[in-house]
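Undergrad: have a look at this prediction, sequence included:
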Amino acid sequence: MKKIYLKEAREKSLKNKHPWIFKSAVKPAKGEAGEIVQVCTSAGKAVALAFYNPHSQISLRLFSWDPEGKADRTFWEDRIVRAVGKRDFLLADPTMTDSCRLIFGEADELPGLVVDRYNEYLSVQFLTAGMELLREEILSLLDRVVKPKGILEKSDTDMRKLEGLGPSEGLLRGREMPPAYAIRENGIRFFVDLTAGQKTGFYLDQRDNRRKTARWAKGLDVLDAFCYSGGFSLNAWKEGARSVTAVDSSDTALEALRDNMTLNGIEKDAFTVVEDNAFEFLRREIREGRTYDMIILDPPKLAPTKAHVEKAMRAYKDLNLQGLKLVKKGGILATFSCSGGLSLQDLKMICAWSALDAHRNVTVLEVLSQPPDHPVSLRYPESEYLKGLILRVE
Ligand code: SAH
């Protein structure tokens, strides 16, 4: 097996068992993109196994701390069985929840591989050159371990590009997801469509936060901004919200939300569904003197990387300021950020600034994070991205 050596004094992340080593820390060496190599200290001691990619800024993606071990079929099978087994408890009652993330890349020691289970179907992402080379092996193992009806690929094209890979999507194994296919989460049903044309997936990572947020919704007038297909709206309704107003800028998302209402036996006109830019919608509601008992703000990733943080902080600040202005006295604001570049501390600070500007006294009722199928690895802080606060607004 090829050996790749680190530069002297550049071994800190290796000591911390971080799964990435950047190009600048590696002694230049020839190698195939995605090749499995032994990672060695500058003094020559082999310490880990990794995928090597000389074309990526992340040259090494470490996946084993046994440098003499074999990365064969049994090894990958063991990794997959362990990752899947850790989620069994989440799917113990499929009449409540039948879908979750099964493999979360580096946090499951499978760098570059993401697998989501939508009931009987799997959606996979091969995001690195290393995983790309293992594609057939991984697919046959997923077939064996999970026995899905079909496996579909929905890889993030931008991430593949950084690894020197082209886009890749479509049906890989078994059958296409049938039309009008529904999954269950917290006992609520949601349509999911991963076939070539549609692509309305589902944000599986908000499952627990939807439930925790909805617990506060009983008897309240709820505004769900950035509602997508209605994850928070339907959970809040189930918990007895008095009214639900759902806002999103995407008509496809709102169409899915309406279908999900019907699927769960909710009358068509039970929610107020608004297609609008949420930033502008909030301002208009304030201008028109409206208020809500509870506001949920779950915007898309506004800071994809650390470089975008400053600009994103201003957007989050603006959003939360408008949200706080629009909440009734004694009401609740549930606010989220799925930006990896923004920490929980940052989100708290943004809410503190917003509260000052809105002249509201705000206390934290609950701090929210990622569910156990999207675990945070303490060796890999980058796996922490989702954070939320449930706030009481006086
Ligand atoms: N809360 C949702 C997930 C939100 S994802 C759930 O529980 O499933 C972010 C959503 O924001 C997407 O549906 C996207 O269409 C929408 N969006 C993006 N920019 C927006 C904007 N400026 N105004 C309103 N919606 C927006």
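TA: Thanks, I have it. Numbering: from 1, shown residues only.

Undergrad: may I have stretch 115-131 as PDB, with CA atoms only?
TA: Extracted in PDB, the C-alpha atoms of stretch 115-131 (Å, rounded to 0.1, in the frame of the first residue of the first chain):
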ATOM      1  CA  VAL A 115     -27.300   7.400   3.000                       C
ATOM      2  CA  ASP A 116     -30.800   8.400   3.900                       C
ATOM      3  CA  ARG A 117     -33.600   5.900   4.400                       C
ATOM      4  CA  TYR A 118     -37.000   6.900   3.100                       C
ATOM      5  CA  ASN A 119     -39.000   4.000   4.400                       C
ATOM      6  CA  GLU A 120     -38.300   1.200   1.800                       C
ATOM      7  CA  TYR A 121     -36.000   3.300  -0.400                       C
ATOM      8  CA  LEU A 122     -32.500   4.700   0.000                       C
ATOM      9  CA  SER A 123     -31.100   7.900  -1.200                       C
ATOM     10  CA  VAL A 124     -27.300   7.900  -1.400                       C
ATOM     11  CA  GLN A 125     -24.500  10.500  -2.000                       C
ATOM     12  CA  PHE A 126     -21.000   9.600  -3.100                       C
ATOM     13  CA  LEU A 127     -19.200  12.800  -2.300                       C
ATOM     14  CA  THR A 128     -15.500  12.000  -2.500                       C
ATOM     15  CA  ALA A 129     -13.100  10.300  -5.000                       C
ATOM     16  CA  GLY A 130     -12.500   7.500  -2.400                       C
ATOM     17  CA  MET A 131     -16.200   6.600  -2.000                       C
END
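
Undergrad: and it, does that touch the ligand?
TA: No. Using Cβ under 6 Å from any ligand atom, stretch 115-131 stays clear of the ligand, with a minimum separation of 13.6 Å. C-beta coordinates here come from the backbone N, C-alpha and C atoms, glycine included.

Undergrad: in the chain, which spans are helices?
TA: For the chain, helices defined by DSSP state H occupy the ranges 12-15, 73-85, 129-133, 135-146, 157-162, 207-214, 231-238, 251-263, 278-287, 309-326, 344-358.

Undergrad: can I get those in TSV with mean pLDDT and mean neighbour count?
TA: Converted to TSV, the helices of the chain look like this (pLDDT from 0 to 100; neighbours: other Cβ atoms under 10 Å):
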stretch	mean pLDDT	mean neighbour count
helix 12-15	92	14
helix 73-85	98	15
helix 129-133	97	23
helix 135-146	98	16
helix 157-162	89	14
helix 207-214	98	23
helix 231-238	98	27
helix 251-263	96	17
helix 278-287	98	16
helix 309-326	95	20
helix 344-358	97	17
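
Undergrad: longest strand anywhere in this structure?
TA: In the chain, assigned by DSSP state E, the strand with the most residues is strand 327-337.

Undergrad: for that strand, buried residues please.
TA: Using 16 or more other Cβ atoms under 10 Å as the test for burial, strand 327-337 gives V327, G331, I332, L333, A334, T335, F336, S337.

Undergrad: quickly check these for the two that are furthest apart.
TA: Within the buried residues of strand 327-337, G331 and S337 form the most distant pair, 20.4 Å apart (Cβ to Cβ).

Undergrad: show me how the protein divides into domains.
TA: 3-64, 73-179, 203-393 (automatic domain parsing).

Undergrad: now the end-to-end length of the shortest one.
TA: This means domain 3-64. Start and end residues of domain 3-64 are separated by 14 Å (Cα to Cα, to the nearest Å).

Undergrad: off-centre distance for it?
TA: With Cα atoms, centre = their mean, to the nearest Å as the basis, domain 3-64 stands 27 Å off its chain's centre.

Undergrad: residues contacting F63?
TA: By Cβ atoms under 8 Å, 6 or more residues apart in numbering, the residues touching F63 are P19, L49, A50, F51, A71, E109, L110, P111.

Undergrad: again, but for D156
TA: Q125, L127.

Undergrad: that one and L356, how far apart?
TA: Relative to L356, D156 is positioned 37 Å away (Cβ to Cβ, to the nearest Å).

Undergrad: looking at the stretch 1-150 of the chain, which residue is nearest the ligand?
TA: In the stretch 1-150 of the chain, the residue that lies nearest the ligand is S99 (12.7 Å; Cβ to the nearest ligand atom).

Undergrad: my guess is that residue contacts R184, does it?
TA: Yes. If you go by Cβ atoms under 8 Å, S99 and R184 touch, sitting 7.1 Å apart.

Undergrad: picking up where we left off before, of all the helices of the chain, which lies closest to V244?
TA: Proximity to V244, assessed across the helices of the chain by Cβ to Cβ, is greatest for helix 231-238 (4.9 Å).

Undergrad: low pLDDT regions in this protein?
TA: Low-confidence segments of the chain, defined by pLDDT under 70: 196-200.

Undergrad: and with 80 instead?
TA: 195-200, 303-306 (pLDDT under 80).
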